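Undergrad: let me see the structure of the following:
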Amino acid sequence: MTFIDLNSETRMKVVTIVIVTIFLFLGFRLYQLQVVDWEKYAVASEKNAVKEKIIEPFRGVFYDRNWNLLVDNQPSYTLRITPKEFDKSLIPLIEGYFKFPKGYMANVLRANRSYSPFIPIKILRGLTFKQISWLEENATQLLGVDYTIDMERIYPFGVSVSHLFGYCKEISDKQLKENQEYYLPGDFVGHNGLEKFYEEYLRGLKGKRFVFIDAHGREISRVNEGNNDIIPQQGYHAQLSIDGNLQKKAEELMLDKQGAIVILDPRNGEILSFLSKPDFNLKNFSGVTPVKVWRQLNNDNSRPLFNRATSSIYPPGSCYKMLSAIGALQDKVITESYTYNCGAGFSYGNHFYKCMGVHGSVNVKTAIEKSCNTFFFSLILKMGFERWTKYGDMFGFGKKTNIDILEDTKGILPSVDYYNKIYGVKKWTPGYIVSLGVGQGELGVTPLQMASYISAIANGGTLYRPHAVKKFFNPAAKEKEIIIKVEGKKLPIDKAVMDIVREGTFLVVNGAGTAGMVRIDGIHVAGKTGTAQNPHGNDHSWFVGYAPYENPQIAIAIIVENAGFGGTVAAPIGKQLIEFYLKKEKGSGVIFAANKTEE
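TA: The predicted structure follows:
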């Protein structure tokens, strides 16, 4: 083993070399940190001192077709906590002041722990001025607690339209997982109606504000004087096809009634009025819905939250007779001159199906005019089940209308397959379908489908998708205007056939029909009344109609539940709405009838 004896001089040289080497290394690292890698570490340091704050955009508002403001926004203040900055020892103080149940804050923190602790959690909406003042006064002690400005909906024009407009509510966990790129916990999103269907247009784009904060999380100043901030972009505003004044009139006429009204422009499918009664006050859903209010609505036997216009199905009654007539005429099962003798009813097998009168010899036009059940009992057997179903499908029954809200029910259009399924193959006879000829039996339609159907009759055979938005516009967006254009589907029905059926509907009002009470001085109205049988109580009252007959610009479907014969309840409501709308529009391009004396 060899030993090296280092004398003191040698040891000093070694120590000196070591010290110099250390200083050289430290100097090099300092140079590297301050000169070579300064940008990387400056950014890292800045991240620790910079906080990103989300700026919520204004949600798009709704105007009616005449530019009346229907749905607007107003500021609302929301309490938030940021988990990373929040001092949990403050929980008793926060819960006590805001009167939260004990354990509420802990539950909120637990429910949001899967998200970044730097993301603020919205705790309470609709803060009062007193609560905001308390937060401001105690801001230095309330670390991780602040408030933000949100928007809540207001309805300045005073119409409800609750089932069409819909409302916003806090985003669910499921929605959040599906849309993490844009939404954050606590965001309000469209929950139903137009608010949900057009969410992506209405919501806008969020902005960002970058601020310097101190070690306690308190804001010191703006980063780069705010030049790095991202300005939020407001959502698209929507001009609806709704006529606000007509809607007010419809709501007035249906006060204290149950049922629905849908009014369309038969030239394009635009919705002029949309009503489901009873409805609910959208103001209760614009912020935080009180638990008491929610329970009352849910427990109400009249089901005010249910959209009767698109989701409730009823037998259409005699209003459906025109469809059988169209199918039989188009396929030449009958001609315009074909007649059938009505002797108070129709016998088939061992059953006698009653008519409402003894009409004698009737053709297809007078059968529609006088609402002769006998004629249409016989007609469905003459034309056959499959042909009857084919024309129902053609006019949109048994399927969704594709209105621009998601609450849209197919209804029930019976068919051979349907009967085989519910009764069994070869276990039903033609007698089962007789009542379908007058719109009863298993046939189930929505008021919206009926409005679409009578619109197609009014315009001579074009089916439009019902829709409530005319256009979106946003001066701040790249695409400043988005027009909603709906192409009509021309049905394969001869003009001569549609003319015959339309003449029948004209006679219902202007001849010896069941809707004489709908006549309006100076305006020719056409339509049909109906009574929907209801095994659970009084029958439902229907009216479908359109005007002016020569150049239809309004088509309407009305059902009033448990009100009996259509001519006594629904039809007078229809008259008032048609008259209100068309006489208001005089001088605005509406063409009215001359003194027509058509039979």
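Undergrad: now the strands for the stretch 1-150 of the chain?
TA: 50-55, 62-63, 69-81, 121-124, 145-154 (DSSP state E, counting those that start in this stretch).
Undergrad: the ones you listed: which one's closest to residue 339?
TA: Proximity to residue 339 (CB to CB) singles out strand 69-81 among the strands of the stretch 1-150 of the chain, at 51.3 Å. In short, each C-beta sits where N, CA and C put it, glycine included.
Undergrad: please put the alpha-carbon coordinates of the closest one into CSV.
TA: Only the C-alpha atoms of strand 69-81 are listed here, as CSV (Å, rounded to 0.1, in the frame of the first residue of the first chain):
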residue,chain,number,x,y,z
LEU,A,69,-87.2,42.4,-26.2
LEU,A,70,-88.5,39.1,-24.7
VAL,A,71,-85.6,37.7,-22.8
ASP,A,72,-82.7,39.8,-21.4
ASN,A,73,-79.9,39.6,-18.8
GLN,A,74,-79.3,41.3,-15.5
PRO,A,75,-76.2,41.1,-13.3
SER,A,76,-76.3,38.7,-10.4
TYR,A,77,-73.5,38.2,-7.8
THR,A,78,-72.2,34.7,-6.9
LEU,A,79,-70.2,33.6,-3.9
ARG,A,80,-67.1,31.6,-4.7
ILE,A,81,-64.2,29.8,-3.0
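Undergrad: how big is the angle separating it from strand 145-154?
TA: Here strand 69-81 runs at an angle of 160 degrees relative to strand 145-154 (axes from the mean of the first three to the mean of the last three CA atoms, to 10 degrees).
Undergrad: just the buried positions in strand 69-81, please.
TA: For strand 69-81, a neighbour-count test (16 or more other CB atoms under 10 Å) marks 70, 71, 72, 73, 76, 77, 78, 79, 80, 81 as buried.
Undergrad: returning to what we had before: for the strands of the stretch 1-150 of the chain, give me CSV that also has distance to residue 228.
TA: As requested, those are exported to CSV (distance: least, CB to CB, whole Å):
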stretch, distance to residue 228
strand 50-55, 9
strand 62-63, 34
strand 69-81, 23
strand 121-124, 25
strand 145-154, 20
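Undergrad: of those, give the one that comes closest to residue 252.
TA: strand 69-81 (16.7 Å).
Undergrad: quick one: strands adjacent to that closest one?
TA: With DSSP bridges as the test, strand 69-81 is paired with strand 62-63 (antiparallel), strand 121-124 (antiparallel), strand 145-154 (antiparallel).
Undergrad: name the nearest residue to residue 412, sequence neighbours excluded.
TA: residue 444 (3.8 Å; CB to CB, 6 or more residues apart in numbering).
Undergrad: which ones are touching the one you found?
TA: 313, 314, 315, 411, 412 (CB atoms under 8 Å, 6 or more residues apart in numbering).
Undergrad: that one and residue 278, how far apart?
TA: From residue 444 over to residue 278 the distance is 21 Å, taken as CB to CB, to the nearest Å.
Undergrad: same thing with residue 267?
TA: 31 Å.
Undergrad: what does the closest residue to residue 353 other than its chain neighbours show for phi and psi?
TA: In space, and not counting its chain neighbours, residue 353 is closest to residue 346: 4.6 Å by CB to CB, 6+ apart. Dihedral angles of residue 346 (phi, psi; degrees, to the nearest 10) stand at phi -140, psi 130.
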